[in-house]
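Student: Fold the following.
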Amino acid sequence: MSPDGPTTASDGTRPRVGIPWEERPAGSSAVLWRSSRNPIIARDHLPRSNSIFNSAVVPYGDGYAGVFRVDDRTRVMNLHAGRSTDGVTWDLDPDPIVFLPADERVADIQEQFVHAYDPRVTWLEDRYYVTWCNGYHGPTIGVGFTHDFETFHQLDNAVLPFNRNGVLFPRRVSGHYALLSRPSDDGHTPFGDIFYSESPDLTHWGRHRHVMGTLAWTWQSTKVGAGPTPIETAHGWLLIYHGVLTSCNGFVYSMGAALLDLDEPWRVLARGRDYLLAPHATYEQVGDVPNVVFPCAALVDGNHLSVYYGGADTVVCLAHGRLSDVLDFVRS
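Tutor: Residues are numbered from 1 along each chain as shown. Take a look at the predicted model:
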């Protein structure tokens with residue numbers, strides 16, 4: 001590990017050649033800056049897609065793979081697999097992922113399918129795990145895995161309804177699998193804090209701990225939720241997350257960052273006061289849900305950091321920054 005973050009692929013097999021990257025625009029002092037190619041995936045990328053957003057990307061083979069939220073023209077929310085050679089131009093499967101049940105009890109919950117949305121993907125030990133918001137008598141955290149982004153297996157839901165934004169840590173913490181989530185309600189959740197849970201087997205979850213909540217009269221005063229897989233650094237787990245405020249015109253989703261203790265990740269070491277990125281670009285302000293910047297994935301190569309996020313619940317976007325600058329931002 002470098003002083004500021006990992007330099008190997010998420011599967012630990014070899015150094016990455018590079019990640020999607022653009023230098024900071026001339027005259028800008030931003031810690032994170034938007035890709036000039038945004039949005040990198042349009043809402044009509046697939047023949048029947050109404051919108052594609054809030055999706056997760058990881059290094060895979062010589063390129064990248066991911067799981068993408070696609071709302072179709074019936075407005076059913078589902079997950080699709082995708083591949084890319086450069087992390088910017090994507091080939092998405094037109095059909096949703098069909099998860100194979102890990103056992104008969106998982107088949108029972110699959111019979112109750114309502115929707116699947118807002119995935120995260122984490123390389124953990126020997127496979128890629130997918131977590132998502134799974135509809136089962138209300139929103140809960142679905143868990144599955146794949147080795148090749150072609151065949152996917154579904155495990156039991158991690159927690160009871162109602163819950164959203166389930167994000168796995170990329171390694172065990174003190175011998176246990178670790179998960180961040182945001183308990184919610186059955187609606188659009190006008191509240192929400194981040195909690196930590198641990199498991200011996202990715203099925204039975206407990207020892208829940210409060211991580212962090214909202215901050216009154218700020219960009220994160222209504223709710224907060226974990227974003228990409230936490231990034232392990234020498235200073236702690238870097239957590240990129242979304243925060244929400246309630247304006248006179250509805251919710252406003254922005255991106256922020258915090259540092260969590262490496263051994264006890266429910267302990268917050270530092271938390272950025274300002275947002276990293278807020279909905280200022282047109283493709284973040286105008287869409288099916290206006291004023292949304294929603295991070296779901298991050299790639300690291302040395303000191304380069306690229307973050308995938310959803311814009312206005314409509315398109316997939318990309319932002320860049322330097323890991324050391326983000327760490328300084330959080331600790332300042």
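
Student: At which residues are the strands of the stretch 1-150 of the chain located?
Tutor: 32-34, 49-60, 63-72, 77-84, 91-92, 99-101, 116-124, 127-135, 139-146 (DSSP state E, counting those that start in this stretch).

Student: SS state for F251?
Tutor: Of the three states, F251 takes strand under DSSP: H, G, I helix; E, B strand; the rest coil.

Student: Is it bridged to anything, and to what?
Tutor: On the basis of DSSP bridges, F251 is bridged to T246.

Student: does it really touch G225, like I thought?
Tutor: No. Judged on C-beta atoms under 8 Å, F251 makes no contact with G225 at a distance of 12.0 Å. Where you see a C-beta, it was placed from the backbone N, CA and C, and this is true even at glycine.

Student: Would you mind measuring from L323 to L124?
Tutor: L323 sits at a distance of 21 Å from L124 (criterion: C-beta to C-beta, to the nearest Å).

Student: mind listing what L180 touches?
Tutor: Residues near L180 by C-beta atoms under 8 Å, 6 or more residues apart in numbering: 165-167, 169, 194-197, 211, 226, 230, 239, 265.

Student: In strands, which of the residues you listed fall?
Tutor: Taking DSSP state E, the ones among those that sit in strands are 165-167, 194-197, 211, 226, 239.

Student: So which bits of the longest helix along the chain are buried?
Tutor: Criterion DSSP state H: the longest helix present in the chain is helix 323-331. Going by neighbour count (16 or more other C-beta atoms under 10 Å), the buried part of helix 323-331 is 323-327, 329-330.

Student: Going by distance to H137, which of those residues wins?
Tutor: Distance to H137, by C-beta to C-beta, is smallest for V330 among those, at 37.4 Å.

Student: From what I see, that closest one and G272 are in contact.
Tutor: Yes. The pair V330 / G272 is scored as a contact, 4.8 Å apart, by C-beta under 8 Å.

Student: so what's in contact with those two at the same time?
Tutor: With C-beta under 8 Å, 6+ apart as the test, V330 and G272 both reach 257-258.

Student: tell me which helix or strand of this structure sits lowest on mean pLDDT?
Tutor: Least confident helix or strand, the chain: helix 104-110 with a mean of 92, by mean pLDDT, DSSP states H and E.

Student: helices and strands around that helix, which ones?
Tutor: strand 99-101 (3 or more C-beta pairs under 8 Å, 6 or more residues apart in numbering; DSSP states H and E).

Student: I'd like the average pLDDT over stretch 276-294.
Tutor: Across stretch 276-294, pLDDT averages out at 98.

Student: wait, stretch 149-162
Tutor: The pLDDT scores in stretch 149-162 average 97.

Student: Can you point out the buried residues in it?
Tutor: Of the residues in stretch 149-162, 149, 152-159, 161-162 count as buried by neighbour count, 16+ other C-beta under 10 Å.

Student: Sticking with the spatially most central residue of the chain, tell me its helix or strand.
Tutor: In the chain, the centroid-proximal residue (C-alpha atoms, centre = their mean) is C296; its distance is 2.3 Å. Secondary structure from DSSP states H and E places C296 in strand 293-301.

Student: Tell me the helix or strand right after that strand.
Tutor: Immediately after strand 293-301, counting by DSSP H and E, sits strand 304-311.

Student: mind listing the helices for the stretch 151-300 of the chain?
Tutor: 282-285 (DSSP state H, counting those that start in this stretch).

Student: what would the buried residues of stretch 149-162 look like in a markdown table with distance to V70?
Tutor: Below are the buried residues of stretch 149-162 laid out as a markdown table (distance: C-beta to C-beta, whole Å):
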| residue | distance to V70 |
| --- | --- |
| F149 | 15 |
| F152 | 15 |
| H153 | 20 |
| Q154 | 18 |
| L155 | 22 |
| D156 | 24 |
| N157 | 21 |
| A158 | 23 |
| V159 | 24 |
| P161 | 23 |
| F162 | 23 |
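
Student: returning to what we had before: report the angle between the longest helix of the chain and strand 304-311.
Tutor: Calculated by axes from the mean of the first three to the mean of the last three C-alpha atoms, to 10 degrees, helix 323-331 forms an angle of 60 degrees with strand 304-311.

Student: Now helix 323-331: average pLDDT?
Tutor: 98.

Student: Likewise for stretch 61-77?
Tutor: 97.

Student: Now that stretch: buried residues?
Tutor: 64-72, 76-77.

Student: isn't there a helix covering L318?
Tutor: No. Going by three-state DSSP, the assignment for L318 is strand, not a helix.

Student: List the residues that contact it.
Tutor: 20, 34-35, 37-38, 40, 87-88, 306-309.

Student: quick one: contacts for L239?
Tutor: Applying C-beta under 8 Å, 6+ apart, the residues contacting L239 are 180, 226-227, 230, 257-260.

Student: Among these, which one lies nearest to F53?
Tutor: Among the contacts of L239, and counting by C-beta to C-beta, the member closest to F53 is G227, at 13.3 Å.
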